[in-house]
Structure formats: C-alpha cells, structure tokens
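Chemist: Need coordinates for the below:
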Amino acid sequence: MSTAALFQITFNLAVPFWALMIFAPGWAVTRRVIGSPWIVLPPLVVYLVFAVGEFGTLWPVVSRPDLETLRAFLGTPHGAAAIWAHLIAFDLFIGRWMYHDARARGVTHAILAPILVLTILLSPFGLLAHLVVRSVAARRPARQAPVTPADG
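Modeler: Below is the predicted model:
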C-alpha cells in the first residue's frame with residue numbers, strides 16, 4: 001500500500017470510535033468499545049508501518065531533537081504520514097480519556113460533544129477546554145443521593 005493511501009485511511013480508522021463517543025455516548029456498545037484502550041491500535045499500526053520502515057531516519061529525530069532534523073523528516077511523505085498517524089492515535093487516546101473522565105464527573109454530553117469535535121480538529125485546544133470544564137465540574141457541589149425511607 002502506498003504512503004498516500006496509508007495517510008488517507010489513518011483518520012478513517014479512528015472515525016468509528018469518535019462517532020460512538022460523540023453520537024452514541026450512552027449506548028452499551030459505545031461503553032464497551034470505548035472501554036478498551038486498544039481502540040488506538042489501528043492508527044498505531046499505520047504509525048508502526050512508517051516508523052519501522054523509516055527507523056534509521058526517525059531515531060535521530062526523536063533521540064536528538066533538533067528543529068532542522070525534525071523539519072527535514074516531516075518534509076518527507078513517510079515522515080509526514082508517520083506523524084499524522086501518531087497524532088490520530090494520541091488524539092483518540094486523549095478523546096477516550098476525556099469521554100470517561102467527563103462521564104465520571106457528570107459532565108453533560110452537550111458540553112463534552114463539542115469538546116470532542118474540537119479535539120479531533122485541534123487536539124491541544126480540545127484538551128485545554130476539557131481541563132477547564134473538568135476544573136469547573138470539580139468545584140460543583142456533589143449531588144446528594146435521594147433519601148429513601150430505608151435511610152431513616
């Protein structure tokens with residue numbers, strides 16, 4: 001498969017997981033599928049294809065970071081496609097964490113869904129937005145469980 005073809009399918013490999021988190025957050029299938037950290041495997045496999053094939057070029061880029069070396073690597077089709085797959089996998093991992101974190105904190109999906117979309121497009125902004133929402137949610141008074149007759 002060509003570099004261009006792998007680049008093109010990388011995002012499509014993550015789309016079903018994003019769609020479940022955004023459009024069907026409470027569905028049992030969504031909770032089960034997104035419950036697995038292995039959802040990032042498809043884009044990671046694409047990354048590994050590029051990273052293993054270009055390891056001799058990639059290693060100096062990551063082991064001795066230098067702007068010119070990084071720029072030269074990213075200027076190649078393999079380098080750009082590898083970083084793209086890396087971004088897609090890590091954005092999905094962050095989105096998965098945000099999905100679980102928001103549900104645990106009682107953040108409404110009407111707030112989370114746009115943040116997930118922002119994370120797909122501009123991950124650092126999405127993560128920052130989620131951290132702000134998370135901080136605000138932490139300051140809210142805890143919901144009290146309804147008192148039942150058995151509680152006395």
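Chemist: report the longest helix in the chain, please.
Modeler: Looking across the chain with DSSP state H, the single longest helix is helix 77-105.
Chemist: Give the buried residues for that one.
Modeler: Applying a neighbour-count criterion of 16 or more other Cβ atoms under 10 Å, the buried positions in helix 77-105 are 78-79, 81-86, 88-89, 91-92, 94-96, 98-99, 101-103. In this view, the C-beta of every residue, glycine as well, is placed from N, C-alpha and C.
Chemist: Equivalent analysis for stretch 121-131, please.
Modeler: 123, 126-127, 129-130.
Chemist: and what of stretch 47-57?
Modeler: Neighbour-count burial for stretch 47-57, with 16+ other Cβ under 10 Å as criterion, is recorded at 47, 49-51, 54, 57.
Chemist: Could you list which of those residues belong to helices?
Modeler: When the buried residues of stretch 47-57 are checked against helices (DSSP H), the matches are 47, 49-51, 57.
Chemist: Reformat the residues you listed as TSV; add distance to Thr69 and pLDDT.
Modeler: Shown next, in TSV, are these (distance: Cβ to Cβ, whole Å; pLDDT from 0 to 100):
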residue	distance to Thr69	pLDDT
Tyr47	19	95
Val49	21	93
Phe50	17	91
Ala51	16	92
Thr57	9	90
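Chemist: which one of these sits closest to Thr119?
Modeler: Tyr47 (18.5 Å; Cβ to Cβ).
Chemist: And the strands in the chain, which stretches?
Modeler: Counting by DSSP state E, no segments of the chain form strands.
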